[in-house]
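Colleague: Please find the sequence and the predicted model below.
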Amino acid sequence: MTQPLASVQWDKELDQLILIDQTRLPRHIEYLFIRTIEESWEAIKSLQVRGAPAIGMTAAYGLYLGIRHAQNASRRELEQLITEQASYLASSRPTAINLVWALERIKTKAFNHPEISPPELIQLVLEEARLIQQEDENVCRSIGEHALTLFEDGIGVLTHCNAGSLATARYGTATAPFYLAQEKGWNIKVYADETRPVLQGSRLTAFELQQAGIDVTLICDNMAASVMQKGWIQAVIVGTDRVAANGDVANKIGTYGLAVLAKAHNIPFYVAAPLSSIDLNTEQGADIPIEEREGTEITHISEIPVAPAGIQTFNPAFDVTPSHLVTAIITEKGIVRGNYKQGLAELFQNHNIVELQINEAK
Ligand SMILES: CSC[C@@H](O)[C@@H](O)C(=O)COP(=O)(O)O
């Protein structure tokens, strides 16, 4: 198996962030060398780096890039700068809670160490960013292990958008069981979509799974119903940008439609969600801010117009799948189903939970 490309890397020697420019995949594998907080913000905004955990990691490193010059600031000035720079980064994209989660985690860590000097505090911010990235790989692997208990060798699984290795430190969230199934010698037949608005399924998921030697078939979004009707899909698994406290799930536009289709075909619909994507402060899906992006994403493909000039557009990047359509939420701490409000809250109360109702979830 080819080692998947690392979408986010910290270059210790040159003190810079290296990102794969995901807008250029699959035709070009190009790297961006990020040295300022503004470049970090722009890379997130423009989807050069995307996927909720990868956005969180980029923001974490971006925060360091935005404060590293302040070696001579007073402790108070540095804390003020951290707060301002974190707010700036948080404004880059509104839906993925991982962004805010990573920034808040760093702020909490930094502000809880009043004894250290400004230069030490700056290093602490970088260390925390690196820790977030390292932990993410384990988190994804653990999600994959739990998800695999729901799958069997030989099944067909549909995934939407890219919740893959490119969206995380490694393995992906929704794709983690595919990588782990491959390690076990299983053949899971993956179907990938999101062929509009920004083709994350075809450009990214199809690319990374093919590179890894995983059995992947690309379909257009409007083929999902037909493929389900043929009996080729035994499960749907998607990632998420934010899960509300009641289990409603925000993910790439088109996810809700797949959940409705899965229900109609009696196919389980799973959401792979690290705890960093679960937002207990947002009560329900209707409260999740949904990003609307430029209409050019749908009037053009690779800068070629595919719609009449001047046409009105509506281009929400995400939709919300109500929790009643979600068969289970798979986290690194276990599988939650049924009463999401209670189950999700319990995940945060007891960090030693290994699995929740894992047997019933089979
Ligand atoms: C593990 S990534 C989870 C989500 O961020 C992913 O499924 C998704 O919807 C990404 O949308 P995108 O518009 O590409 O940022």
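Modeller: Here it is on my side, so go on.
Colleague: tell me the phi and psi of Pro305?
Modeller: The phi/psi pair for Pro305 (degrees, to the nearest 10) reads phi -70, psi 130.
Colleague: Over to Glu152?
Modeller: Dihedral pair for Glu152: phi -130, psi 160, per degrees, to the nearest 10.
Colleague: Number of residues surrounding the closest residue to Asp15 other than its chain neighbours?
Modeller: Nearest residue to Asp15, sequence neighbours excluded (C-beta to C-beta, 6 or more residues apart in numbering): Arg68, at 7.4 Å. Glycine gets a C-beta too; all of them are placed from N, C-alpha and C. By the measure other C-beta atoms under 10 Å, the count of residues near Arg68 is 17.
Colleague: beta partners for Asp11?
Modeller: Gln16 (DSSP bridges).
Colleague: give me the number of residues near it?
Modeller: 13.
Colleague: Give me the mean pLDDT for stretch 61-75.
Modeller: Mean pLDDT, stretch 61-75: 98.
Colleague: what sits against the most centrally placed residue in the chain?
Modeller: When C-alpha atoms, centre = their mean is applied to the chain, the residue found nearest the centroid is Ala52 (3.0 Å). Contacts for Ala52 (C-beta atoms under 8 Å, 6 or more residues apart in numbering) come out as Ala96, Ile97, Asn98, Leu99, Ala167, Gly239, Thr240, Asp241, Arg242, Ser276, Ser277.
Colleague: Could you rerun that using 10 Å?
Modeller: By C-beta atoms under 10 Å, 6 or more residues apart in numbering, the residues touching Ala52 are 93, 95-99, 101-102, 163, 167-168, 173, 239-242, 250-251, 273-274, 276-277.
Colleague: show me which of the residues you listed neighbour the ligand.
Modeller: Restricting those to those near the ligand by C-beta under 6 Å from any ligand atom leaves Ala96, Ala163, Ala167, Thr168, Thr173, Gly239, Thr240, Asp241, Asn251.
Colleague: what helix or strand is the fifth one on?
Modeller: In this structure, Thr173 is located outside every helix and strand according to DSSP states H and E.
Colleague: Tell me how many other residues surround it.
Modeller: 32.
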